[in-house]
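Novice: Got a predicted structure here, sequence first:
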Amino acid sequence: MAAESDGSRPRLAAARALAAVLDQGRALDGVLEQELSRLSQARDRALARRLAHAVLRSWPALDALLGRLINRRPARRERLVWFILAVGLAELRQGREPAPAVVHAAVAATAAAGLARLKGLSNAVLRGYLRRKTELEHDLGDNPVLRWGYPRWFIDLVRRDWPDHWQDLLDAGNQPPPLTLRVNRRHWTRDQAQAALAAAGIDAGVVPGLPDALMLDQRAAVSALPGFSDGGLSVQDAAAQLAVEHLALTAGQRVLDACAAPGGKAAHILERADVALTAVDVDAERLARVADNFKRLGLTGQLQLGDATRPEDWWDGRLFDRILLDAPCSASGVIRRHPDVRWLRQPADIGVLADLQARMLDALWPLLAPGGILVYATCSVLADENQHQARAFLERHDDAETINHDQLPGLDREPGRQVLPGTLAMDGFYHLAVRRLPPGCGRASRSSGPD
C-alpha cells in the first residue's frame, strides 16, 4: 500500500524502461508498455510515460550532471539507480512537482528496486543538485549535444541538410506532440465529428489542407473519444494523412500499400475512395494489426504477407493504378513521438536504409500501370532518404515524371515536398509523387500538375 502512495511505482517503471532502451538497445514502446501494464492507475501510467520521454530527450545532460554529482558510477548490478536518479533529475529540472516530493519518490523507488542500501546516495545526489543547480547547469555550457539532447552525428546531419532550420528542427523534436485524429468520412463528416467532440467537452481544430484531420487542444483517453470505438475516428498525425492527398484517388482503382503495417494509411485510402486495396507487409504480426484496424473501422482490403523488394513472390501480375511506398526509414521526423530513436539509430543505419528504399522503389515501379501514380513517403528529415533518394530514382527511371503538389503543406525539396516537425504542429514527413509515362515516352522536361 505504501508504494501506491509514495510515488515510487511510476518512477521505477520509467527507470526500468530507460535501462532497457539505453543499456540494452530495446525499443521504448515495447518495454514501456510492459512496465505500464503493472501500474493500475491511469495517472501513474501517464506519469511514467512522460518521465521516460523527458529523460530520453535530455539524456546527455542528465548523464553529465550525474557524473558531476556521483564520484563513482554504480556497479552493474546497481546500474538501475542511475536511471532512477536520471528520472529524479528530469523531474527537478521540469519543476512541475515540489522538490521534496520528487526526492522522496526517488528514494522510495531506489528501495522498491531492491537497492535500499543506496537510499542515502539517491537522497544526497538529488539534494546536492538542488543546492548546486545554478553552478551545475551553467557548467553544461553551449555544447549542442547537451543543449538539444541528440547524438553529435545526428546534429551534424541535420545541420548539413537544413542549414537555415536545424535549430528549430532540433527544438521541435523535443516538444510533446499533439493528439491528431483522422475522421472516417464513411462514418460521418468532419463537422459532425468536431461537434461530437465539442459536446464531450473536447476542443478540436481543423488542419489547413487536410480535410480529414482534427487536432485536439488537450490530451485525452483515445478509447473514450466519441466515435472511436465504432470506427468514426483514428489517431494519425496530420503529416501522415498527406499521403492520401498525394495519391489523388478515384473510385475503381487498384491500389497497393507496399509497407502497410500498422495500417493507418491503408485505412485512410479505403475511407477516401471505393478502391481495390492490396496491403502488403513483411511482418506477419504487424500485418495482423492492419486486420484489427480494418475490423474496427469497418473496412475491407486484401492483406498480403510479402517483401516489397520481392514482389515476384506475392504479386498476381495485374498492374496497380496507385502505389504507396511508406518506406522504412530513420524515423528522424517523428523523434518527438519516439525519443528513443535518437539513441537507438546509428550513423551506418542511414546508408543501409537508403539502399533498402532504393531496392523497394525499383522493385515496385514495374507494378505500376502507365499513367498511374506512385507516392514515396518517409517520416524522415534527412536528404539521403528523401530528395537524394528521389533524384536517384528519377535518374534510373526515365519513364517517371514528377507531380507537383504545391497546394499541400510543406517545403519544396525538388523533387518532392518536405514537412518539417512543428509545421502546423505536424510530424516531419517527405512525399514524392511520380506518374509512370506510357511505353516509348521519355520524361518530359517539365513536371506535371496534380490530376
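Specialist: Noted; the coordinates are in hand.
Novice: Would you point out the helix or strand in the protein whose mean pLDDT is lowest?
Specialist: Using mean pLDDT, DSSP states H and E, helix 2-5 stands out as the lowest-scoring helix or strand of the chain, at a mean of 52.
Novice: Can you tell me what sits against the helix or strand following that one?
Specialist: Where DSSP states H and E defines the elements, the next helix or strand beyond helix 2-5 is helix 8-24. By Cβ atoms under 8 Å, 6 or more residues apart in numbering, the residues outside helix 8-24 that reach it are 3, 26-28, 31-32, 35-36, 38-39, 44-45, 47-49, 51-52, 55-56, 59, 79-80, 83-84, 86-88, 105-106, 108-109, 111-113, 340, 343-344. (Glycine included, C-beta is placed from N, CA and C.)
Novice: Determine the set of other helices and strands touching the very next helix or strand once past helix 8-24.
Specialist: Later in the chain than helix 8-24, the nearest helix or strand by DSSP H and E is helix 28-36. If contacts are counted by 3 or more Cβ pairs under 8 Å, 6 or more residues apart in numbering; DSSP states H and E, helix 28-36 sits against helix 8-24, helix 42-57.
Novice: Select, out of those helices, the one closest to A75.
Specialist: helix 8-24 (13.4 Å; Cβ to Cβ).
Novice: pLDDT weak spots in this structure?
Specialist: 1-5, 442-451 (pLDDT under 70).
Novice: care to break it down by domain?
Specialist: 2-149, 180-235, 239-436 (automatic domain parsing).
Novice: Out of those, which one sits most buried?
Specialist: domain 239-436 (a mean of 20; mean count of other Cβ atoms under 10 Å).
Novice: is it true that V275 touches G252?
Specialist: Yes. Using Cβ atoms under 8 Å, V275 is in contact with G252, at 7.0 Å.
Novice: What residues does D63 make contact with?
Specialist: A86.
Novice: Can you verify it is assigned to a helix?
Specialist: Yes. Using DSSP: H, G, I helix; E, B strand; the rest coil, the assignment for D63 is a helix.
Novice: Could you check how far it is from V21?
Specialist: 13 Å (Cβ to Cβ, to the nearest Å).
Novice: I'd like the secondary structure assignment at R322, please.
Specialist: strand.
Novice: show me what contacts it?
Specialist: Contacts of R322 (Cβ under 8 Å, 6+ apart): 247-249, 253-256, 275, 372-375.
Novice: check contacts around L299.
Specialist: 186, 267, 270-271, 293.
Novice: Just the closest of those residues to C441, please.
Specialist: C441 has its nearest neighbour among those in L270, at 31.8 Å by Cβ to Cβ.
Novice: three-state assignment of that closest one?
Specialist: L270 - assigned by three-state DSSP - is helix.
Novice: Excluding residues flanking it in the chain, which one is nearest it?
Specialist: L299 (4.4 Å; Cβ to Cβ, 6 or more residues apart in numbering).
Novice: With R160 instead?
Specialist: Among residues not flanking R160 along the chain, A383 sits closest, at 7.9 Å (Cβ to Cβ, 6+ apart).
Novice: now do I84
Specialist: Spatial nearest neighbour of I84, excluding adjacent residues (Cβ to Cβ, 6+ apart): A15 at 4.5 Å.
Novice: what do you get for D362?
Specialist: R396 (6.8 Å).
Novice: which residue is nearest the centroid of the protein?
Specialist: Nearest to the geometric centre of the chain sits V334, at 3.5 Å (Cα atoms, centre = their mean).
Novice: Contacts only, for that residue.
Specialist: V334 neighbours (Cβ under 8 Å, 6+ apart): 237, 341, 379, 421, 427-428.
Novice: same thing but at 6 Å, please
Specialist: Counting by Cβ atoms under 6 Å, 6 or more residues apart in numbering, V334 touches 379, 427.
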